[in-house]
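**Student:** Next comes the sequence, and after it the predicted model I'd like to discuss.
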Amino acid sequence: MTGLTFLLSTAAALLQGTAPLAASQPDPSEPQSPPARTEAETPVESAVEAFGAEAQDVPQRMERESQRPREVELARIDTYFSGLDTLRAGFEQVGADGAVATGTLSLDRPGRVRFEYEAPTPILLVADGQTVAIADFDLETVDRLPIAQTPLKWLLEPDLDPASSSAVDEVSRFDGALYLSLVDPDNEIDGRVTLVFEDSDPEGPAEDMRLAGWIAVDAMGGFTEVRLTGNERGVSFNPRLFVLDDDLFERSRRTRR
């Protein structure tokens, strides 16, 4: 992974060398027990567990499960995004190394999103409509990149239009979920991002679908999964939420004193 080129693969991932080292990781010297399941598996978990190490082939293998025409599925996804203005959700990010980070996603389409990571991950990611900014509170640095040069463009652009987009690689249906796999046709962004929509009733309104998360596969075959929970649509956000203030780190130092 190079710089910011695969932002979405780690929930709009962090800079090279920083992600997600601050997230909680299992101690390799201690025996590990399987995590307890307190609720039904999400579509993201189901897909990853079903295909395991072959996650690179998830979209192709899931295609066999789909009985609906490609154009019908793409139109359904287009309708969903056309009606999606704002969204707030909790997220859990599981990296290729098993590291886990959690936080809150605030989405205001088009153009604006905020990934606010919980401690101990010292990262805040904000897109303001033009650029993606990643603030690292440990290093007290902010790095920026145009949205158009990151996979976040697919989530933030006003008109994804999957039916005609050259970024669409596969659309698939598996186990009550709809999957849209995207790649960069210009090869500026490595790997593949597959958006996951919970969609147990394909004949129902597209607005009833739920963005459940995404699976990202990098150029080396390593995958990161992001699961969204507690989705709230139609949220009213303060525009300042999507702006990084000049005194961001100063205020953070005062808070830690």
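**Tutor:** On my side now, so go ahead.

**Student:** can you tell me which strand in this protein is longest?
**Tutor:** Longest strand of the chain, by residue count under DSSP state E: strand 223-233.

**Student:** Direction included, what does that one pair against?
**Tutor:** Here strand 223-233 is paired, per DSSP bridges, with strand 86-94 (antiparallel), strand 210-217 (antiparallel).

**Student:** how near is the closest residue to L156 other than its chain neighbours to S165?
**Tutor:** Once flanking residues are discounted, L156 sits nearest to G111: 5.2 Å by Cβ to Cβ, 6 or more residues apart in numbering. The way it works is simple: take the backbone N, C-alpha and C, and place the C-beta from them, glycine included. Distance of G111 to S165, given as Cβ to Cβ, to the nearest Å: 17 Å.

**Student:** ok, now which ones touch G103?
**Tutor:** A11, G90, F91, Q93, F115, E116, Y117, E118, T121 (Cβ atoms under 8 Å, 6 or more residues apart in numbering).

**Student:** As CSV, those with pLDDT, distance to W214 and neighbour count would be great.
**Tutor:** Listed next are those as CSV, based on pLDDT from 0 to 100; distance: Cβ to Cβ, whole Å; neighbours: other Cβ atoms under 10 Å:
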residue, pLDDT, distance to W214, neighbour count
A11, 38, 8, 30
G90, 97, 15, 15
F91, 96, 10, 22
Q93, 91, 10, 27
F115, 95, 13, 28
E116, 94, 18, 15
Y117, 93, 17, 23
E118, 93, 19, 12
T121, 88, 18, 26
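
**Student:** R114 pairs with what?
**Tutor:** Counting by DSSP bridges, R114 is bridged to S106, V126.

**Student:** so it touches L105, yeah?
**Tutor:** Yes: counting by Cβ atoms under 8 Å, R114 does reach L105; the two are 7.3 Å apart.

**Student:** mind listing the helices for the stretch 1-150 of the chain?
**Tutor:** 43-51, 58-63, 70-82 (DSSP state H, counting those that start in this stretch).

**Student:** Put the alpha carbons of the longest strand of the chain into PDB.
**Tutor:** Output of strand 223-233 as PDB, limited to C-alpha atoms (Å, rounded to 0.1, in the frame of the first residue of the first chain):
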ATOM      1  CA  PHE A 223      -8.200  -7.700   2.500                       C
ATOM      2  CA  THR A 224      -9.700  -5.300   4.900                       C
ATOM      3  CA  GLU A 225     -13.300  -5.400   6.000                       C
ATOM      4  CA  VAL A 226     -15.400  -2.600   7.300                       C
ATOM      5  CA  ARG A 227     -18.800  -3.200   9.000                       C
ATOM      6  CA  LEU A 228     -21.400  -0.500   9.600                       C
ATOM      7  CA  THR A 229     -23.900  -0.700  12.400                       C
ATOM      8  CA  GLY A 230     -26.700   1.500  13.700                       C
ATOM      9  CA  ASN A 231     -27.200   3.300  10.300                       C
ATOM     10  CA  GLU A 232     -29.200   6.500  10.500                       C
ATOM     11  CA  ARG A 233     -30.300   8.200   7.300                       C
END
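
**Student:** That's all I had, so thanks and see you.
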